[in-house]
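A.B. asks: Sharing a model prediction with you, sequence too.
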Amino acid sequence: MCLGIPGKVIDTYREHDVLMGRVDFGGVVKRVCLEHVPEVRAGEYVLVHVGFALSRIDEVEAARVFALLIELNQLGELEGAPP
Amino acid sequence: MRFLDEYRDGPAARKLAAAVARAATRPWTIMEVCGGQTHTIVKYGIDRLLPPEIELVHGPGCPVCVTALETIDRAHAIASRPDVTFCSFGDMLRVPGSRGDLLQLKSRGADVRVVYSPLDAVNLAAAHPDRKVVFFAIGFETTAPPNAMAVWMARKRNLRNFSALVSHVLVPPMMTALLEAPDNRVQGFLGAGHVCAVMGTSEYEPIARRHRVPIVVTGFEPLDLLEGVLRTVRQLEAGEGAVENQYARAVRPEGNPASRRLIEDVFEVCDRKWRGVGPIPASGLRLRDEYRAHDAERLFAVADIETSEPAVCISGQVLKGLKKPHDCPAFGKECTPQTPLGATMVSSEGACAAYHAYGRHHEPRTARELPLLPLAGAPA
Ligand code: SF4
């Protein structure tokens, strides 16, 4: 129910005085309300729930979990881990 | 697809699980709050990847599952009216009410429609001024901004034939209620990431402090969940109870201020009864007086309805993390996704439906007995 799916903004337009946009979800394009992410630009990613963008996706933060994995490797955390 | 596949990497998942195994020195019970997280955990076998010390229990974070039976029955009464076009998210159509579900009502000729977005229901009202379009506005804080936007737009466009049947629920009061219950087993929470994308993380600070319970706001992909568990276990082992944000790519500490303002403008906090769980004070949202012209509950005064739940259903205990779906005698027998007895068997995010879909008909004898569903195979 609280599913939020990342999609890439293709373009933006106004409709009934509300900011809307076309958003690409891996090839499927939908019309999405962008009113609450007004600073978003074409090419950026937003998190969309029931046709409504809840937030922009921060690309720097998105890489962080992978940095953690590298750190785990370097700490040798995995040696001696249970099978 | 970007921001999805890379978080499903199998070798990376195993690395994080191994880090959890190294961090955990004794048993811990952690609840994932959101049904979307439950779905990912069961689908990818995240719980079985974790060391046996860590038990994941599934929270009541499925709005479809916790919508009160009285509300479902009220929706039926409204949807049965010949002048009404009743719009709902798809999952709600199969939720059993006291007298069948909305899908059966539709097959008997009622004008019941599935919409992808609440804004579609507003457009439907604009296109059909002769019909009374009623939207079934359920959900957590995640769904509150789009639902509020629909009501706000209907008022702005002066669509008098649009109304919402509102039964919103709020996460923090539910977490508090669970922690304060005498039979509580939860020691740490994976917070619901998309709720926090809207509301931010500040509401969780007093809960974490007062109950000394770690709350790690967590995303929905396998690597998100494993990192959320790792961070929770590290806190538990260190005796800490703090709020952390694992899902910073979508969650800012302040949430989405524009969304919070709109929610505040359209809704007000009210007491709410949760199906299976019972009443929780100040745990719901309803429309403010200024929006009463669009409030279906006021427009279609439906007399109080007598409701009845099947006695065999233990979904209340499942929703509170006290029982697992396969503990229910009806699970997979009388109760299946085709013939659901309780709401937790309907939505794919309900624990019973997730267990059924992924063949969890009993506990494995050892945690590692059953193979995992494949994660993406790319090397880490
Ligand atoms: S299996 Fe069906 S009857 Fe049993 S708790 Fe789940 S929803 Fe209720």
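C.D. replies: Sure thing, it's come through. Numbers count the residues shown, from 1 in each chain, chains lettered A, B, ... in the order given.
A.B. asks: now the strands for chain A?
C.D. replies: For chain A, the strands defined by DSSP state E cover A:5-15, A:18-25, A:28-33, A:45-49, A:52-56.
A.B. asks: could you check whether the longest one is close to chain B?
C.D. replies: Yes - applying CB under 8 Å from any CB of the partner chain, one finds that strand A:5-15 is in contact with chain B at A:6, A:8. Quick note: C-beta positions are derived from backbone N, CA and C, even for glycine.
A.B. asks: Could I get the contacting residues of the residue nearest to residue B:321 when sequence neighbours are not counted?
C.D. replies: In this structure, residue B:321 finds its nearest non-sequential neighbour in residue B:57, 3.4 Å apart by CB to CB, 6 or more residues apart in numbering or on different chains. Contacts of residue B:57 were listed using CB atoms under 8 Å, 6 or more residues apart in numbering or on different chains, and they are B:29-32, B:185-186, B:321.
A.B. asks: Equivalent analysis for residue B:332, please.
C.D. replies: Contacts of residue B:332 (CB under 8 Å, 6+ apart): B:326, B:356, B:361.
A.B. asks: Which pLDDT value belongs to residue 72?
C.D. replies: If you meant another chain, say so; for now it's chain A. Note on residue A:72: pLDDT of 73.
A.B. asks: meant chain B, my bad for not saying
C.D. replies: pLDDT, read off for residue B:72, is 92.
A.B. asks: Find the closest residue to the ligand in the stretch 51-200 of chain B.
C.D. replies: Closest contact between the stretch 51-200 of chain B and the ligand, by CB to the nearest ligand atom, is at residue B:65 (8.5 Å).
A.B. asks: secondary structure class for that residue?
C.D. replies: With DSSP: H, G, I helix; E, B strand; the rest coil as the basis, residue B:65 sits in helix.
A.B. asks: so who does the nearest residue to it once chain neighbours are set aside touch?
C.D. replies: Excluding its sequence neighbours, the residue lying closest to residue B:65 (CB to CB, 6+ apart) is residue B:343, at 4.3 Å. Residues near residue B:343 by CB under 8 Å, 6+ apart: B:62, B:64-67, B:95-96, B:275-276, B:315, B:350.
A.B. asks: any idea how far residue B:343 is from the ligand?
C.D. replies: Distance of residue B:343 to the ligand, computed by CB to the nearest ligand atom, to the nearest Å: 7 Å.
A.B. asks: So residue B:273 lies in a helix, does it not?
C.D. replies: No - using three-state DSSP, the assignment for residue B:273 is strand, not a helix.
A.B. asks: so who does it touch?
C.D. replies: Counting by CB under 8 Å, 6+ apart, residue B:273 has contacts B:68, B:70, B:279-280.
A.B. asks: now the residue nearest to residue B:321, what's its secondary structure?
C.D. replies: strand.
A.B. asks: related to what we said a few turns ago, sort out which one of the contacts of residue B:332 lies nearest chain A for me.
C.D. replies: The shortest approach to chain A among the contacts of residue B:332 belongs to residue B:356, at 17.5 Å (CB to the nearest CB).
A.B. asks: contacting residues around residue B:215?
C.D. replies: Per CB under 8 Å, 6+ apart, neighbours of residue B:215: B:175, B:188-189, B:191, B:204, B:207-208, B:241-244.
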